[in-house]
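Enquirer: Okay, sequence plus prediction incoming.
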Amino acid sequence: MTEISGTLSRIVFRSEETGYTVAVLDTEGERISIVGKMLQCSVGASYALRGDFMVHPKYGEQFSFTECESRMPEDIEGILSFLSSGAVKGIGQKTAALIVNAFGNDTFKVLENEPERLLELPGIGKKKLEDITASFGEQRVLADIAVFFEQYDIGLTEVRRLYNVYGKDTVERVSEEPYRVVDDVFGVGFLRADLMAKKMGVDPEDPMRIKSAALHVLKEGAASGNTFLPKDELCRRTAQLIEVAGELIEDSLIDLMFEGRVRIEKLEGRDVVYLMAYFRAETEVASDIVRLCQSTPKMIDTDTEVLIEQSGKRAGVDFSEKQKKAIATSLASPVSVITGGPGTGKTTVINGIMDILKEAGLKTAIAAPTGRAAKRITETTGYEASTIHRLLEYTYADDEENLRFGKNREDPLDADAVIIDEMSMVDLLLMQALLRALTDGTRLLMVGDADQLPPVGAGNVLGDLIASEYVEQVELKEIFRQAEESLIVVNAHRINHGEYPVSNERDKDFFFVTRDTEEQMVETIKDLVSNRLPAHYTQYDPMRDIQVMTPTRKGHIGTRNLNEELQKILNPPAPTKAEKRFGGKSFREGDKVMQIKNNYDIGWKKIDDFEEGQGVFNGDMGVIDRIDSDYGKLTVIFDDTRYVTYDFTELDQLEPAYAVTVHKSQGSEFPVIVMPISWVPPMLATRNLLYTAVTRGKDLVVLVGSRKRMDAMVDNNSISERWSGLGVRLKSLLAKV
């Protein structure tokens, strides 16, 4: 093994997750191309590398290293280069030059031992000094921790997350109990912890490992929408994952039950296993639904038919008989559900109900699962809507399985009626929080489209409530005259009924562009979004109003490739736009992005009145406003109203959103949608998914690709069943009433 040392002069390629780096090292005698893992990597920093020279067939001679030791630069040029690299937060190129000019070769001594001397320099105040001192000290500690975890293939992003939780004790804490990181550290899952534990010599049959694996499988099940897994299915999946005997897994499940982390139940004659949070949520939701159904809402004295007639006159609306029934049912029932597809008048019904309740002097709140859906309700009804999280006054919690809300059983909502729109998106945990905040006698009206895709989170609340046949429900089926003029509405219902959509009619809003190959589809989509649609429909902005959707993340028509291609033409690089490369993606000022994980504790500020709050949620969309490399921060404006600032280590929570999956589009409505139609796995090529995609378009839908594939999606009416016990529990409780 050969050792070389020198100063890093250029980074050719780097993966922030793995630390894999291709760079140029300046040694005393020559400039050498180097390849290997550097968990701490900054231009201008000095390193001692151990490895061997090799000849790459394409790139020539390189030094492939397996060991890397960081050494702080000693000469002024190296010190300046290191500080200018952004490695220390609060120090950019100008500040670096200022510091090095003042302290020369003693710069690092000053930063480490006499940092207060930085206050002598112009532009550095107490706050900036604190930032610089903390970051410089953290760099030194992180370097040592990163060296330790390099042997376990733990990347820099994960090392930083470990450090944020365990601090200077990171190595000791993780070495003692490697599987604890799965629960303690956001973003470090079982597979990474298991790999690390294996290299640490943990016994494959260690109970700690088996319990962590079983919990991982249950969490994966929840991520796929299941509130529980059948016990035999859980054992099978866990055994397949970690290759241990089934009896050891069963023993570990018993231990987990006594620890209060899982619940083993018999449901419809079979043993099932819940994560404890989902068991509590499911039993609570069932009992709270029964509680509300048995309560008496505040009555309205006037005859319902008269109220409906008066409301129609005020709004200039002639309600249909089914709409009248929906309004009357919601007024008479403590809990009710109204369902219907696009164009069936759900918004008209909501308006009528809100108007009647307002005239009666009853306090009414209206909310939806996402910010975009809430904004749409406000625009279409004229009534101020909020997200469910904001309605319930979400407050910080350590994890999303134990959500905390200001409104709860101790401090319930001050409302006589609560209306929830886009109910198909509400998952079990959010429903639990909502019902906790409703007192006996509060009307609960849930409105949604039962044929939409189920929620991203675990549970099938709307479907289970409908299947229970206990909650009062009205289905709106009639398509109204104005909606009949829209091919979007007509085709949505045709798809839902198993009929192929019609397209390309003059002056209509539904088009199909036939293309034979996926390469042609991508080129056509790029042309449509950037040129043809904005030229023909001048009211639409390509960034704001036109949304590309796709069934899949992978492949040529997947979000990853489409986002790269669309970013090039809609927001190309420019000297005035700062960029940050992370996880194989380029984030650029002006990019359209989406939050892809619930982050309940990240803070936000309103643009106009500087109101502050917490929480950005899966599916929220925004635009990158600013990238600050000095401090390692990226700021996004969500829904044109809220500033949210991310640390560079948190960028795995964001994705470019020029193209999004249909699943991620739930609850949103866009003026124009464009979607490729090609081969995708059968579980994605479904009628349900196509219907959901088409109903996201408000003014215009353009499909690009193969009609044969589109017809096959209409023919494929298979729906992935979720394991959920809410319906069973409701029926069981109701049988006892």
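Expert: Nice, thanks for sending it over.
Enquirer: in the stretch 151-300 of the chain, which spans are helices?
Expert: Assigned by DSSP state H, counting those that start in this stretch, the stretch 151-300 of the chain shows helices spanning 156-166, 170-176, 180-184, 190-199, 207-223, 231-242, 246-258, 276-293.
Enquirer: could I get those as a markdown table with mean pLDDT?
Expert: A markdown table is the format used below for the helices of the stretch 151-300 of the chain (pLDDT from 0 to 100):
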| stretch | mean pLDDT |
| --- | --- |
| helix 156-166 | 77 |
| helix 170-176 | 85 |
| helix 180-184 | 82 |
| helix 190-199 | 86 |
| helix 207-223 | 94 |
| helix 231-242 | 95 |
| helix 246-258 | 94 |
| helix 276-293 | 95 |
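Enquirer: would you turn these into CSV with mean neighbour count and distance to Ile366?
Expert: In short, each C-beta sits where N, CA and C put it, glycine included. As requested, the helices of the stretch 151-300 of the chain are exported to CSV (neighbours: other Cβ atoms under 10 Å; distance: least, Cβ to Cβ, whole Å):
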stretch, mean neighbour count, distance to Ile366
helix 156-166, 21, 38
helix 170-176, 16, 47
helix 180-184, 18, 37
helix 190-199, 19, 40
helix 207-223, 21, 29
helix 231-242, 18, 39
helix 246-258, 16, 41
helix 276-293, 21, 17
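Enquirer: Among these, which comes closest to Ala360?
Expert: Ala360 lies closest, by Cβ to Cβ, to one member of the helices of the stretch 151-300 of the chain: helix 276-293, at 19.5 Å.
Enquirer: For the closest one, give me every contacting residue.
Expert: Applying Cβ atoms under 8 Å, 6 or more residues apart in numbering, the contact partners of helix 276-293 are 222, 227-228, 260-263, 265, 274, 334-335, 401-402, 428-429, 431-432, 435-436, 438, 440, 442, 444, 458-459, 461, 465, 470-471, 724-726, 729-730, 732-734, 737.
Enquirer: circling back to that earlier point, how about the helices of the stretch 151-300 of the chain in JSON lines, adding distance to Val701?
Expert: Below are the helices of the stretch 151-300 of the chain laid out as JSON lines (distance: least, Cβ to Cβ, whole Å):
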{"stretch": "helix 156-166", "distance to Val701": "39"}
{"stretch": "helix 170-176", "distance to Val701": "50"}
{"stretch": "helix 180-184", "distance to Val701": "42"}
{"stretch": "helix 190-199", "distance to Val701": "39"}
{"stretch": "helix 207-223", "distance to Val701": "30"}
{"stretch": "helix 231-242", "distance to Val701": "39"}
{"stretch": "helix 246-258", "distance to Val701": "48"}
{"stretch": "helix 276-293", "distance to Val701": "35"}
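Enquirer: Show me how to select, in PyMOL, the buried members of the contacts of helix 276-293.
Expert: The buried residues among those can be selected in PyMOL (16 or more other Cβ atoms under 10 Å) with this line:
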select buried, resi 222+227+228+261+262+263+265+274+334+335+401+428+429+431+432+435+436+438+442+444+458+459+461+465+470+471+724+725+726+729+730+733
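Enquirer: one step back: so which of the helices of the stretch 151-300 of the chain comes closest to Val623?
Expert: helix 156-166 (24.0 Å).
Enquirer: picking that back up, select from the contacts of helix 276-293 every entry located in helices.
Expert: 222, 428-429, 431-432, 435-436, 461, 465, 726, 729-730, 732-734 (DSSP state H).
Enquirer: Show me where the stretch 351-500 of the chain has its strands.
Expert: Shown for the stretch 351-500 of the chain, the strands assigned by DSSP state E, counting those that start in this stretch span residues 364-368, 386-387, 394-395, 404-405, 417-420, 443-448, 472-476.
Enquirer: Compare the ones you listed and say which comes out lowest on pLDDT.
Expert: Lowest mean pLDDT within these: strand 394-395, a mean of 77.
Enquirer: contacting residues around that one?
Expert: Here strand 394-395 makes contact (Cβ under 8 Å, 6+ apart) with Leu403, Arg404, Phe405, Gly406, Tyr600, Gln614, Gly615.
Enquirer: hmm, 10 Å instead?
Expert: For strand 394-395, the external contacting residues (Cβ atoms under 10 Å, 6 or more residues apart in numbering) are 387-388, 403-407, 433, 600-601, 613-615, 617.
Enquirer: That strand: partners in the sheet, and parallel or antiparallel?
Expert: strand 404-405 (antiparallel) (DSSP bridges).
Enquirer: what about the longest helix in this protein?
Expert: The chain, longest helix under DSSP H: helix 126-150.
Enquirer: I figured Val55 was touching Glu61, is that so?
Expert: Yes: counting by Cβ atoms under 10 Å, Val55 touches Glu61, with 5.4 Å between them.
Enquirer: Just tell me which of the helices of the stretch 151-300 of the chain ends up closest to Glu505.
Expert: Glu505 sits nearest to helix 207-223 of all the helices of the stretch 151-300 of the chain, at 41.4 Å, using Cβ to Cβ.
Enquirer: The stretch 551-700 of the chain: helices as residue ranges?
Expert: Using DSSP H, counting those that start in this stretch, helices in the stretch 551-700 of the chain cover 559-570, 687-694.
Enquirer: CA atoms of the first one as CSV?
Expert: Only the C-alpha atoms of helix 559-570 are listed here, as CSV (Å, rounded to 0.1, in the frame of the first residue of the first chain):
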residue,chain,number,x,y,z
THR,A,559,-39.9,11.5,-12.7
ARG,A,560,-36.1,11.3,-12.4
ASN,A,561,-35.4,11.5,-16.1
LEU,A,562,-38.3,13.9,-16.8
ASN,A,563,-37.2,16.3,-14.1
GLU,A,564,-33.7,16.4,-15.5
GLU,A,565,-34.9,17.1,-19.0
LEU,A,566,-37.5,19.7,-18.0
GLN,A,567,-35.1,21.5,-15.7
LYS,A,568,-32.7,22.0,-18.6
ILE,A,569,-35.3,23.9,-20.7
LEU,A,570,-37.5,25.6,-18.0
